[in-house]
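A.B. asks: this one's structure only:
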């Protein structure tokens, strides 16, 4: 059974930084894509960043490009989302997701989801 557990969210002032973690378990993730999505109140879930577990190739939404970095640590089966220069509009619940195959920006194409972690950026 695949499990994804996010952590690292919290309250931060605008301009600050956070690093989110996603601990993955239940199988080997070679050949999988890992994605970070976020959902703000009243808005649809949107793609933030993705990484191919095997190749390490990364993808970013235009809204976060240059401020966010996704990485993985194979030994811990963990994916990280490092966020800098945070803005109030980054406030959302952040979710980790996994799918077999390539990174996709459509959340409906992901098979496994974590419970989410809240990120709140104050102005």
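C.D. replies: Cool, the structure landed. The structure displayed is predicted, hence computed values, not measured ones.
A.B. asks: and for residue 109, the neighbour number?
C.D. replies: 14 (other Cβ atoms under 10 Å). For glycine as for every other residue, the C-beta is placed from the backbone atoms N, C-alpha and C.
A.B. asks: quick one: contacts for it?
C.D. replies: residue 99 (Cβ atoms under 8 Å, 6 or more residues apart in numbering).
A.B. asks: next, it: phi, psi?
C.D. replies: Backbone geometry at residue 109, expressed as degrees, to the nearest 10, gives phi -90, psi 0.
A.B. asks: then residue 101?
C.D. replies: phi 110, psi -150.
A.B. asks: hmm, it is touching residue 31, no?
C.D. replies: Yes - counting by Cβ atoms under 8 Å, residue 101 does reach residue 31; the two are 7.4 Å apart.
A.B. asks: middle-most residue in this structure, spatially?
C.D. replies: residue 36 (2.3 Å; Cα atoms, centre = their mean).
A.B. asks: across the sheet, point out what pairs with it.
C.D. replies: Beta-bridge pairing of residue 36 under DSSP bridges involves residue 49, residue 96.
A.B. asks: residues in contact with it?
C.D. replies: Applying Cβ under 8 Å, 6+ apart, the residues contacting residue 36 are 20, 22, 47-50, 70, 79, 81, 94-97.
A.B. asks: redo that, cut-off 7 Å
C.D. replies: By Cβ atoms under 7 Å, 6 or more residues apart in numbering, the contact set of residue 36 is 48-49, 70, 81, 94, 96.
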